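Student: fold the following for me, if possible:
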Amino acid sequence: MDFTLLLVSVIILVALAFDFVNGFHDAANSIATVVATRVLSPKLAVLWAAVFNFIAVFSVGTGVASTVGSGMIDLKFVTPLVILAGLVGAITWDLITWWFGLPSSSSHALIGGYAGAAMANAARLRGLDRSLEVLIAGAWIKTLIFIVIAPLIGMALAYGLMIAMFWGFRNAHPARVDPYFRRLQLVSSALLSFSHGANDAQKTAGIITGVLLTSGMITKFAVPTWVIFAAYGAIALGTLSGGWRIVQTMGSRLTRLRPRSGVCAETAAALSILFATHLSLPISTTHVVAGSIAGVGTIQRVKAVRWGLATNIVWAWVLTIPASALVGWLTMEVIQLFRAGQ
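Tutor: Numbering: from 1, shown residues only. Take a look at the predicted model:
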């Protein structure tokens with residue numbers, strides 16, 4: 001078998017493995033509230049989420065895939081080995097944070113690992129002082145801005161929805177309306193899972209398309225249909241495998257949720273993610289969901305949110321891009337040493 005074809009095949013499998021890890025790592029984001037409010041059992045919740053993760057393949061474009069695959073890193077510095085090293089960086093950081101139960105962003109781990117590996121390649125080719133040349137400034141500025149505002153958008157929307165809900169049902173006893181909100185939460189949870197698949201699966205599709213382009217197997221950046229279905233299938237299968245450590249953190253430890261607050265949190269998060277997908281931006285599902293949950297908690301009282309835990313989550317967000325970039329850089333160095341030794 002041709003070495004390039006073998007290498008590309010291995011990288012595609014690693015990319016789909018990342019997508020799978022993304023699925024079980026971020027499964028908690030789309031089902032945490034529906035599990036916490038006991039609307040669905042954990043097993044039924046992950047099945048529900050996986051179905052709607054995959055359904056998104058039929059109704060969204062590939063704008064996010066183009067941003068991740070070709071809009072953030074100068075492809076002159078990208079080779080299939082760079083993408084492989086970047087994926088290793090992303091998967092490693094995802095597994096570390098999953099093990100400790102921290103809801104970090106798989107999206108930012110991916111772009112961090114990819115950037116770190118590309119910077120390492122640029123440093124080898126042109127010198128360490130020119131390693132930052134691989135980064136396309138405009139796309140990175142937008143991404144870094146959204147790291148800050150994404151949870152705030154989710155928080156503000158959730159807060160507003162909770163106010164509207166309290167006003168609309170101000171004369172109804174909670175015990176009477178909760179059964180209706182429990183049914184409605186099935187819809188909001190499905191919408192959140194749909195938005196998660198729509199945004200996150202595209203990131204892997206963009207990476208795979210980048211591999212095909214840099215290896216010469218395609219001549220322009222256009223996501224093949226089989227890549228789209230493979231990416232959405234992998235994230236759906238990953239969701240089926242669960243992610244219970246993070247479900248506990250997001251769904252019960254951050255603040256106490258009821259069916260009506262669960263509906264507001266999920267709807268706010270889903271709308272925020274779909275808005276970013278429309279703008280072709282790789283938003284973090286984790287960030288938005290955490291902000292939305294905090295938003296519904298603060299409307300009861302500020303102390304209803306466990307801000308100490310929220311601070312730990314924020315630190316995980318801050319560290320994600322540099323930590324995964326470091327692992328991606330080191331992985332690229334190891335690959336270069338291995339090649340030099342042959």
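
Student: show me where the stretch 201-342 of the chain has its helices.
Tutor: For the stretch 201-342 of the chain, the helices defined by DSSP state H, counting those that start in this stretch occupy 225-240, 244-248, 259-278, 285-298, 307-341.

Student: so of the ones you listed, which one's packed in deepest?
Tutor: helix 285-298 (a mean of 29; mean count of other Cβ atoms under 10 Å). Yep, even glycine has a C-beta here, placed from its N, CA and C like the rest.

Student: quick one: low-confidence parts of the chain?
Tutor: Within the chain, the ranges that satisfy pLDDT under 70 run 1, 25-30, 32-33, 36-37, 101-104, 242-257, 299-317, 340-342.

Student: helix, strand or coil for the residue lying farthest from the centre of it?
Tutor: Within the chain, Asn171 marks the point farthest from the mean C-alpha position, 39.2 Å out by Cα atoms, centre = their mean. Of the three states, Asn171 takes coil under DSSP: H, G, I helix; E, B strand; the rest coil.

Student: distance to Val10 added to the helices of the stretch 201-342 of the chain, as JSON lines?
Tutor: Putting the helices of the stretch 201-342 of the chain into JSON lines (distance: least, Cβ to Cβ, whole Å) gives the following:
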{"stretch": "helix 225-240", "distance to Val10": "15"}
{"stretch": "helix 244-248", "distance to Val10": "29"}
{"stretch": "helix 259-278", "distance to Val10": "29"}
{"stretch": "helix 285-298", "distance to Val10": "27"}
{"stretch": "helix 307-341", "distance to Val10": "12"}
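
Student: indicate which one of the ones you listed is closest to Val35.
Tutor: helix 244-248 (5.8 Å; Cβ to Cβ).

Student: that older thread, what values do phi and psi take at the residue farthest from the centre of the chain?
Tutor: phi -100, psi 0 (degrees, to the nearest 10).

Student: what strand or helix carries Ala49?
Tutor: Assigned by DSSP states H and E, Ala49 belongs to helix 42-55.

Student: export the helix or strand that that helix is followed by to PDB, keeping only CA atoms.
Tutor: Remark: after helix 42-55, the chain's next helix or strand is helix 63-66, criterion DSSP H and E. What follows is helix 63-66, C-alpha atoms only, in PDB (Å, rounded to 0.1, in the frame of the first residue of the first chain):
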ATOM      1  CA  GLY A  63     -19.100  26.600   7.200                       C
ATOM      2  CA  VAL A  64     -17.700  25.600  10.600                       C
ATOM      3  CA  ALA A  65     -15.700  22.800   8.900                       C
ATOM      4  CA  SER A  66     -14.100  25.300   6.500                       C
END
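
Student: still on that earlier bit, how much space between the residue farthest from the centre of the chain and Val68?
Tutor: 48 Å (Cβ to Cβ, to the nearest Å).

Student: please apply the same query to Leu213.
Tutor: 13 Å.

Student: shared neighbours of those two, anything?
Tutor: Common neighbours of Leu213 and Val68 are not found (criterion: Cβ atoms under 8 Å, 6 or more residues apart in numbering).

Student: isn't His265 right up against Ala290?
Tutor: For residue 265 the amino acid is Ala, not His. No - using Cβ atoms under 8 Å, Ala265 is not in contact with Ala290; the gap is 9.7 Å.

Student: what about Leu40, how many neighbours?
Tutor: Number of residues near Leu40 (other Cβ atoms under 10 Å) recorded here: 19.
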